[in-house]
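Enquirer: Below: sequence and its predicted model.
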Amino acid sequence: MSEYLILIYEAESAYATASEQVMGEVMEAHNAFSEKFGSAIKGGHALQPTLTATSIRDAEVTDGAFAETKEALGGYYLVEAADFDEAIAIAKEVPARFGGVEVRPVMVFEE
Amino acid sequence: MPSAPASPVAAAVAEAHRREWAYVLAATVRVTRDIDLAEECVQDSYAQALITWERDGIPGRPGAWLTTASRNRALDVLRRDQTARKYLPLLVEEHVTELEEPSDIPDDRLRLVFTCCHPGLATQAQVALTLRLVCGLTTAEVARAFLVAEPTMAARITRAKKKISTARIPYRVPSTADLPERIEAVLAVVNLLYTTGHTAPTGEALARTDLVARALDLSRMLRELLPHDPGVIGLLALILLTDARRAARTDAQGRLVLLPDQDRSLWNRQAIAEGTALARRALRHHPPGKYALMAAIAAIHSGSPSWQATDWAQIVALYDLLAAIWSSPVVRLNRAVAVGFAEGPLAGLAALDKLSDEPQLAAYGYLAAARADFLSKLGRVHEARTAYSEALLLTENAVERDFLDQRMRSLPDS
């Protein structure tokens, strides 16, 4: 088994203006996803928007995200899968109605 | 790969390279579970064949000989540096058996093909890997095929292989549920290889016959491995039917000759007969797929005694079916051109003008060239000249450029 990080990139503006009903649907979609893939999901969180982000480079602290993009990292799932195809099958079902997801294999260090 | 075989042995090795490479490599990957090591061993066994076959004679089944030699070499290497290789990420495989007789080794070529053409890899990487691993071209040859520097191609191939092992792209035939989508990806790679060879995007020659030959080999191999898949049958039909016109596509001076002016007696009748029969078979599948429909269109041209006798109404009808399943602007462009031949240049121009704000066609020289032809037929010389100039700006193949230039010069003075 291998671990993959599924990064959710979505337009923050869409969430800022979303109705309560839309937000409810999004929550429900994530709950349904978590239920369906419960055994594969090793972790996951939603993040506060990038306006709360702080970047640090060479000990210099600055306000804001590392890169300004229309679609920003807004959450992630860490999943365990037998191989790439299985990871992709899971990632295809991650709710991301205002953007998409990126799948990255987790690096494994041997002793 | 030896380019000009000097002896019967060199010729036999070259032949085995072209025909058996994929089989030998796939059978060796079964032992190594590591593509790079398998490639090294297969290369070694071909080099060894040049020497051993010279001494002992050419074996009755060269593929089996090469497979055994490669796999033995792989087992030697694995035994020797077991510890060094222990931490390499290995290919995801269902099962590995170590010492089968060559005749018992399952044909793993499909696994190899599906791994090379995995949609998780960039299209360019899929094509490069297929040429490298399935066709056995050297990195230098793959680089030449795509007119990029060898280090660039080497980096592209290395990156793709690295992704296969670290992202754990599985080395297997996809599940029945995923198969149609994955076959589509494989067909797209072979078709891209073919179209790149059929009309080289840049360069001095119109076609790159080496790529066309590879695409045809791959297409025949897929037919052998997936004999009933209508897409596979359709693509083989399409390649055979289009390539059958090769000898007529350029004149003695290497200038482009378009379909209306081609000497149809130069067309390869054997390829047309085979392609037409396959196209019929592919069309029996309902609904027909895009390669079957494109092959059917090519078959109408092939079956027509002359350009004037072409059944344009049927071609437009086939393009309608094609556009319904494949929303490609190029298909709509070809349909518009067919409308022009079926109903006259004015109708064709109207159909083309509907595509003028299609962003994907904005940099596509064939749209401007088709407009220019219809405008010229309508006697709108000034507009035709502008359209030819536009097409010239967008065309980088030297033979096509000369053709357009010639057309523009032959317009009457306005």
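Expert: Received the coordinates, thanks.
Enquirer: counting residues per helix, which one in the chain is longest?
Expert: This is for chain A. The helix that spans the most residues within chain A, counting by DSSP state H, is helix A:20-36.
Enquirer: Chain B is the one I meant
Expert: With DSSP H applied, the helix covering the greatest number of residues in chain B is identified as helix B:8-32.
Enquirer: Next, see if it gets close to chain A.
Expert: No. Using CB under 8 Å from any CB of the partner chain as the criterion, no contacts between helix B:8-32 and chain A are found, and the smallest distance is 15.6 Å. Backbone N, C-alpha and C define where each C-beta goes, glycine included.
Enquirer: tell me what that helix is packed against?
Expert: With contacts defined as 3 or more CB pairs under 8 Å, 6 or more residues apart in numbering or on different chains; DSSP states H and E, helix B:8-32 has these neighbours: helix B:35-56, helix B:62-80, helix B:109-116.
Enquirer: Serialize these to TSV and add fields for mean pLDDT and distance to chain A.
Expert: Compiled in TSV, the helices and strands packed on helix B:8-32 are given as follows (pLDDT from 0 to 100; distance: least, CB to the nearest CB, whole Å):
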stretch	mean pLDDT	distance to chain A
helix B:35-56	94	15
helix B:62-80	91	18
helix B:109-116	92	10
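Enquirer: Please work out which residues outside stretch B:309-320 touch it.
Expert: B:293, B:296-297, B:300-301, B:304, B:331, B:334-335, B:338-339, B:341-342 (CB atoms under 8 Å, 6 or more residues apart in numbering or on different chains).
Enquirer: ugh, typo on my part, it should be stretch B:169-189
Expert: Here stretch B:169-189 makes contact (CB under 8 Å, 6+ apart) with A:83-85, B:29, B:33, B:91-94, B:110-121, B:123, B:126-127, B:130, B:163-164, B:222, B:226, B:229, B:231-232, B:235, B:291.
Enquirer: which residues of the stretch 101-250 of chain B fall in helices?
Expert: B:109-116, B:123-129, B:139-145, B:150-166, B:179-198, B:209-225, B:230-243 (DSSP state H, counting those that start in this stretch).
Enquirer: wait, which of these is closest to B:Asp357?
Expert: The closest of the helices of the stretch 101-250 of chain B to B:Asp357 is helix B:179-198. By CB to CB, the value is 25.1 Å.
Enquirer: what's the offset of the closest one from the middle of its chain?
Expert: Relative to the mean C-alpha coordinate of its chain, helix B:179-198 is positioned 6 Å out (CA atoms, centre = their mean, to the nearest Å).
Enquirer: where does chain A dip in pLDDT?
Expert: Along chain A, segments meeting pLDDT under 70 span A:111.
Enquirer: try the stretch 151-300 of chain B
Expert: Applying pLDDT under 70 to the stretch 151-300 of chain B picks out no residues at all.
Enquirer: got the CA positions of stretch B:319-337 in CSV?
Expert: Extracted in CSV, the C-alpha atoms of stretch B:319-337 (Å, rounded to 0.1, in the frame of the first residue of the first chain):
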residue,chain,number,x,y,z
TYR,B,319,-18.8,13.7,-40.7
ASP,B,320,-22.1,14.4,-39.1
LEU,B,321,-22.0,11.1,-37.2
LEU,B,322,-18.3,11.8,-36.3
ALA,B,323,-19.1,15.3,-35.0
ALA,B,324,-21.9,13.9,-32.9
ILE,B,325,-19.5,11.7,-30.9
TRP,B,326,-16.4,13.8,-31.0
SER,B,327,-16.6,17.5,-30.5
SER,B,328,-13.3,18.3,-32.2
PRO,B,329,-13.0,21.6,-34.1
VAL,B,330,-10.9,19.9,-36.7
VAL,B,331,-13.7,17.4,-37.4
ARG,B,332,-16.1,20.4,-37.9
LEU,B,333,-13.6,22.0,-40.2
ASN,B,334,-13.4,18.8,-42.3
ARG,B,335,-17.1,18.6,-42.4
ALA,B,336,-17.4,22.2,-43.6
VAL,B,337,-14.9,21.4,-46.4
